[in-house]
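Peer 1: how would this look folded up:
(one chain, ligands or ions: 1)
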Amino acid sequence: MSHRHPRDRTVPVVLVAGHLGVGKSSLVNHLLRHADGTRIGVVVNDFGALGIDAMLVAGQADSVTSLANGCLCCTTDADGLSDLLADLTAPATGLDLVVVEASGLAEPRELVRLLLAPTDPHAVYGGLVVVLDAADPDLEQARLADLAVVNGLDRVDDPDAALATVRAVAAGAVVGTRHGALDPALLVDPVSRPKPAQLGLDELLREVDGPHAHDEAQSVSFSSEQPVDPGRLAAFLEAGPAGVVRAKGVVRLAGDGELWEVQTVGTAIRVRPAPVRAATSGARLVLIGTGLDEAGLIQALEGCVAGADDPEPTEHAALALTRYA
Ligand SMILES: Nc1nc2c(ncn2[C@@H]2O[C@H](COP(=O)(O)OP(=O)(O)OP(=O)(O)O)[C@@H](O)[C@H]2O)c(=O)[nH]1
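Peer 2: Here you go, the predicted model:
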């Protein structure tokens, strides 16, 4: 995305929700510690609850704490949220991801509605992450999630059974964690920035953070010289392919021949006209997640490519996908 004009730059805003004590702060702290070059803005309603490591904190001004690794942490209540999000996603802040920890703010559903309000040109909805207790997952919340994080797998006898219970009801992606150790790459593309010669504080903290290492996100890349069938691609994305947390890329649609940018988080799909005429006659897609069946996913995507035997697309065929614009 770095080739785009700053006006085009959008920052995903991810909402983290879940019951009291389920591991939301652990997850947010893990993201901050493992941010590497990615600049994360965190919105909480109380710094104390987050308990950011003192070592990570570089400076504090009123309700904003700037962390030594370029991340920012802010406090607000629900009323101040939209103004704060507009500030945090403004190009001048240089943030790559904003995470809103929902505890105590409001109902997750309300917040999603607020985040989806298209008032801020730089913010894009990055998905609802619901943290669940592996020992007693709230299945109602699991249904709402774009990404359900089943945390506390170290505290249950049968982690696979805990994951299967959630997978049975979740529409979006499901990932298991211990101590909130979620790979940030599941939420945002890693950004590499020049590193100082010294170890950063986040790196130092990570050295002592060994047991909470995360399962690395995987990616599967697909490309085709031929355009895709919008209906089949939409059905593939809507089904929430197993293990896929995010998908992104550009696709040319059979029929109208237009080029679209596609981004998904769980089963939340977003498309927009590709901002740059990307040099593809067909499709380039990357699927990001855990436990991916590469061969199966490639095969499924090959099935979305328009074939010579397909009937002529109707005038409205593209709507199957472009209705998400
Ligand atoms: N054993 C174990 N403990 C965990 C795990 N995740 C979090 N904890 C501990 O559980 C407690 C609560 O975790 P937090 O991350 O503060 O939970 P929270 O959801 O942010 O809590 P609230 O902000 O109070 O809603 C802390 O003492 C954590 O260290 C886990 O996967 N396994």
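
Peer 1: and stretch 239-254, how far apart are its ends?
Peer 2: 21 Å (CA to CA, to the nearest Å).

Peer 1: quick one: mean pLDDT for it?
Peer 2: Mean pLDDT, computed over stretch 239-254, is 92.

Peer 1: what comes up buried for that stretch?
Peer 2: 240-241, 243-254 (16 or more other CB atoms under 10 Å). From N, CA and C alone the C-beta is placed, and that goes for glycine too.

Peer 1: cool, stretch 92-99 as well?
Peer 2: Neighbour-count burial for stretch 92-99 [16+ other CB under 10 Å]: 95-99.

Peer 1: need those residues in JSON lines (columns: secondary structure and distance to the ligand).
Peer 2: Shown next, in JSON lines, are the buried residues of stretch 92-99 (DSSP: H, G, I helix; E, B strand; the rest coil; distance: CB to the nearest ligand atom, whole Å):
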{"residue": "Leu95", "secondary structure": "coil", "distance to the ligand": "21"}
{"residue": "Asp96", "secondary structure": "coil", "distance to the ligand": "23"}
{"residue": "Leu97", "secondary structure": "strand", "distance to the ligand": "18"}
{"residue": "Val98", "secondary structure": "strand", "distance to the ligand": "18"}
{"residue": "Val99", "secondary structure": "strand", "distance to the ligand": "12"}
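
Peer 1: among these, which two are most distant?
Peer 2: Taking every pair in the buried residues of stretch 92-99 and measuring CB to CB, the maximum separation is 10.9 Å, between Asp96 and Val99.

Peer 1: need the residues touching each of those two.
Peer 2: Taking CB atoms under 8 Å, 6 or more residues apart in numbering as the criterion, Asp96 and Val99 both touch Ile40.

Peer 1: if we can go back for a sec, reformat the buried residues of stretch 239-254 as TSV; add distance to Leu88 and secondary structure.
Peer 2: Formatted as TSV, the buried residues of stretch 239-254 follow (distance: CB to CB, whole Å; DSSP: H, G, I helix; E, B strand; the rest coil):
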residue	distance to Leu88	secondary structure
Gly240	29	coil
Pro241	31	coil
Gly243	30	coil
Val244	27	strand
Val245	23	strand
Arg246	21	strand
Ala247	25	strand
Lys248	22	strand
Gly249	26	strand
Val250	27	strand
Val251	30	strand
Arg252	34	strand
Leu253	34	strand
Ala254	39	coil
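
Peer 1: any chance of a markdown table for these, columns distance to the ligand?
Peer 2: Formatted as a markdown table, the buried residues of stretch 239-254 follow (distance: CB to the nearest ligand atom, whole Å):
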| residue | distance to the ligand |
| --- | --- |
| Gly240 | 24 |
| Pro241 | 26 |
| Gly243 | 20 |
| Val244 | 23 |
| Val245 | 19 |
| Arg246 | 23 |
| Ala247 | 27 |
| Lys248 | 29 |
| Gly249 | 33 |
| Val250 | 37 |
| Val251 | 38 |
| Arg252 | 43 |
| Leu253 | 42 |
| Ala254 | 46 |
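
Peer 1: ok, Ser221 to Leu253 distance?
Peer 2: From Ser221 over to Leu253 the distance is 20 Å, taken as CB to CB, to the nearest Å.

Peer 1: before we move on, what about Ala268?
Peer 2: Counting by CB to CB, the gap from Ala268 to Leu253 is 20 Å.

Peer 1: now do the contacts for Arg143.
Peer 2: 169-171.

Peer 1: out of those, which is most surrounded?
Peer 2: Ala170 (26 neighbours; other CB atoms under 10 Å).

Peer 1: what helix or strand does that one sit in?
Peer 2: Per DSSP states H and E: Ala170 is located in neither a helix nor a strand.

Peer 1: these two touch, right, it and Ala148?
Peer 2: Yes. Look at Ala170 against Ala148 with CB atoms under 8 Å: they come within range, at 4.7 Å.

Peer 1: which neighbours do the two share?
Peer 2: Contacts common to Ala170 and Ala148, judged by CB under 8 Å, 6+ apart, are Ala142.

Peer 1: spell out which residues of this protein are next to the ligand.
Peer 2: Within the chain, the residues that sit near the ligand (CB under 6 Å from any ligand atom) are 18, 20-26, 49, 103, 151-152, 154-155, 178-180.

Peer 1: now with 8 Å?
Peer 2: Contact residues (CB under 8 Å from any ligand atom) of the chain with the ligand: 18-29, 49-51, 101, 103-104, 131, 134, 151-155, 177-181.

Peer 1: which residues does Pro230 contact?
Peer 2: Residues near Pro230 by CB under 8 Å, 6+ apart: 253-255, 313, 317-322.

Peer 1: which residue, other than its chain neighbours, is closest to it?
Peer 2: Leu321 (4.1 Å; CB to CB, 6 or more residues apart in numbering).

Peer 1: burial of that neighbour, as a residue count?
Peer 2: Applying other CB under 10 Å, we find 24 residues neighbouring Leu321.

Peer 1: doesn't Trp260 make contact with it?
Peer 2: Yes. Using CB under 8 Å, Leu321 makes contact with Trp260 at a distance of 6.8 Å.
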